[in-house]
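Novice: coords please:
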Amino acid sequence: MASSDQGTPDAALIEETARRVVAEYPPGSTPVAELMGAWYDAGLEWVYFPRGLGGLGAPRSLQPVANRVLLEAGGPEPRTVATIGYGIIAGTICKYADPEFAARLLRPLATGEERWCQLFSEPGAGSDLAGLATRAVGDGDDWVVSGQKVWNSLAHLARWGVLLARTDPDVPKHKGLTYFIIDMTAPGVDVRPLRQLTGRAQFNEVFLDGVRIPDSQRLGEVGSGWFVANSTLADERTSLGERVNARSSGAIADALRLWAEHPENHSSALRERLARLWVRAETHRLTADRGRVRAATGSTGPESAITKLVGSELSQAVYEYCIELLGPEGTLIDTYSPAAPDDESGPAGIQRKYLRSRATTLEGGTSEIMRNIIGERVLKLPQELRNDKNIPWRDVPRS
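Specialist: Just a heads-up that it's a prediction; the model follows:
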């Protein structure tokens with residue numbers, strides 16, 4: 001389905017195009033992959049991407065116009081189809097991959113036919129991403145990669161991953177990194193699930209043993225991986241912050257529902273805490289709206305760390321409150337067993353969300369790192385003292 005070539009699309013054109021897609025491909029009777037393929041071809045997946053790459057070259061602020069039409073017609077939220085790929089990785093591909101390679105990757109990403117994961121964190125680097133040790137050594141037109149990654153969401157389901165590896169150990173740590181697209185089915189890739197407190201296994205550790213990556217799957221220049229990765233990380237923080245869509249939605253909705261369902265557990269102290277949490281949730285929603293306005297200009301700056309920090313700590317506080325409101329009922333439910341119920345609305349679901357929320361201040365950058373970003377890049381405070389600045393990575397002491 002061709003989109004209009006008449007200048008920059010406006011809201012009316014985007015809505016008209018979206019309605020035409022859902023009329024031709026009714027969400028209720030069209031397979032999701034086929035529907036989202038048509039959505040991508042019409043330029044509605046990311047309206048702010050270039051034409052031919054799932055976009056229309058429109059302002060980012062118009063994306064909700066397209067998504068609203070899809071949701072009202074009974075279609076899925078695009079980010080739930082593409083999960084990690086939609087909001088975290090697609091922007092980096094669009095920005096750094098050549099158009100032909102980007103088109104090859106983005107359409108099956110959008111349809112959900114090819115899932116993605118992110119291979120950044122390592123056991124020995126902790127929150128110091130630039131200190132990673134996974135090595136990529138040039139060999140003709142390929143790179144040979146060996147190392148270990150950890151806390152890789154959905155890596156066990158992924159067809160592709162984005163990988164940050166060290167290509168030059170003789171320069172300071174931030175300068176010797178390169179960014180790659182890795183085929184998760186390639187020989188030498190070993191994915192091992194990590195079971196969480198919830199009993200589920202969404203995260204993984206990934207071992208790389210002599211994995212060959214064509215140089216054509218490198219994004220950005222050799223040695224510029226830190227800058228490319230920061231594009232991905234900024235999109236990740238923005239994506240995490242954008243998940244608050246309506247007043248009293250998300251985690252706070254669970255707290256409000258439990259309050260209504262359990263009047264026998266009411267107290268003045270719990271009532272006051274709920275009111276304070278609701279105010280924090282509303283502040284987070286409004287802050288996320290400000291971030292979306294900024295993102296609409298095409299800039300996902302360090303301010304995205306604010307919504308990520310506030311949202312992750314708020315989630316923990318809300319579910320701690322929910323467990324306390326449930327009383328003994330909240331502590332006597334089996335969520336770890338594989339046979340535990342998957343009902344997300346009942347007490348077991350609340351307990352599972354409470355346990356899962358422990359990861360929110362770690363994933364996407366720890367709260368400590370977010371505070372550093374806000375302090376140094378937003379408030380322009382002096383940087384933390386570093387004893388490894390301007391020292392070749394191979395000479396930096398490591399435990």
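
Novice: helix or strand: which one has Ser29?
Specialist: Under DSSP states H and E, no helix or strand contains Ser29.

Novice: what separates it from Val22, distance-wise?
Specialist: Ser29 sits 11 Å away from Val22, going by C-beta to C-beta, to the nearest Å. Backbone N, C-alpha and C define where each C-beta goes, glycine included.

Novice: so, low pLDDT: which residues of the stretch 151-300 of the chain?
Specialist: 240-246, 291-300 (pLDDT under 70).

Novice: can you give me the helices in it?
Specialist: 225-241, 251-261, 268-295 (DSSP state H, counting those that start in this stretch).

Novice: counting contacts, what elements does the first one pack onto?
Specialist: What it means is helix 225-241. Counting contacts by 3 or more C-beta pairs under 8 Å, 6 or more residues apart in numbering; DSSP states H and E, helix 225-241 is packed against helix 90-96, strand 160-166, strand 177-183, helix 268-295, helix 304-326.

Novice: so which of these is nearest Ala38?
Specialist: helix 90-96 (17.6 Å; C-beta to C-beta).

Novice: ok, and for the closest one, which residues are buried?
Specialist: Using 16 or more other C-beta atoms under 10 Å as the test for burial, helix 90-96 gives Ala90, Gly91, Thr92, Ile93, Cys94, Tyr96.

Novice: against which helices or strands is that helix packed?
Specialist: helix 99-111, strand 177-183, strand 218-219, helix 225-241.

Novice: and if we set it to 7 Å?
Specialist: The contact analysis (3 or more C-beta pairs under 7 Å, 6 or more residues apart in numbering; DSSP states H and E) places helix 90-96 against helix 99-111, helix 225-241.

Novice: circling back to that earlier point, tell me which of the helices and strands packed on helix 225-241 lies nearest to Arg394.
Specialist: strand 160-166 (9.5 Å).

Novice: tell me which residues of the closest one are tucked away?
Specialist: Those would be Trp160, Gly161, Val162, Leu163, Leu164, Ala165, Arg166, for strand 160-166 by 16+ other C-beta under 10 Å.

Novice: could you do stretch 70-77 as well?
Specialist: Leu70, Ala73, Gly75, Pro76.

Novice: please compute how far the lengthiest strand in the chain lies from its chain's middle.
Specialist: Determined from DSSP state E, the single longest strand within the chain is strand 203-214. The chain centre lies 20 Å from the centre of strand 203-214; the measure is C-alpha atoms, centre = their mean, to the nearest Å.

Novice: got it, and stretch 247-259?
Specialist: 23 Å.

Novice: what's that stretch in contact with?
Specialist: Stretch 247-259 is contacted from outside by 243-244, 274, 277-278, 281-282, 285, 314-315, 318-319, 321-322, 325-326, 350, 353, using C-beta atoms under 7 Å, 6 or more residues apart in numbering.

Novice: next one: stretch 309-318
Specialist: Residues from elsewhere that reach stretch 309-318 (C-beta under 7 Å, 6+ apart): 240-241, 244, 251-252, 255, 277, 280-281, 284, 287, 357-358, 360-361, 367, 370-371.

Novice: do that again at 6 Å, thanks
Specialist: If you take C-beta atoms under 6 Å, 6 or more residues apart in numbering as the criterion, stretch 309-318 is touched by Gly241, Ala251, Ile252, Ala255, Leu277, Arg280, His284, Ser357, Thr360, Thr361, Ser367, Met370.

Novice: strands of the stretch 1-150 of the chain, residue ranges please.
Specialist: Secondary structure of the stretch 1-150 of the chain (DSSP state E, counting those that start in this stretch): strands at 116-119, 135-139, 142-150.
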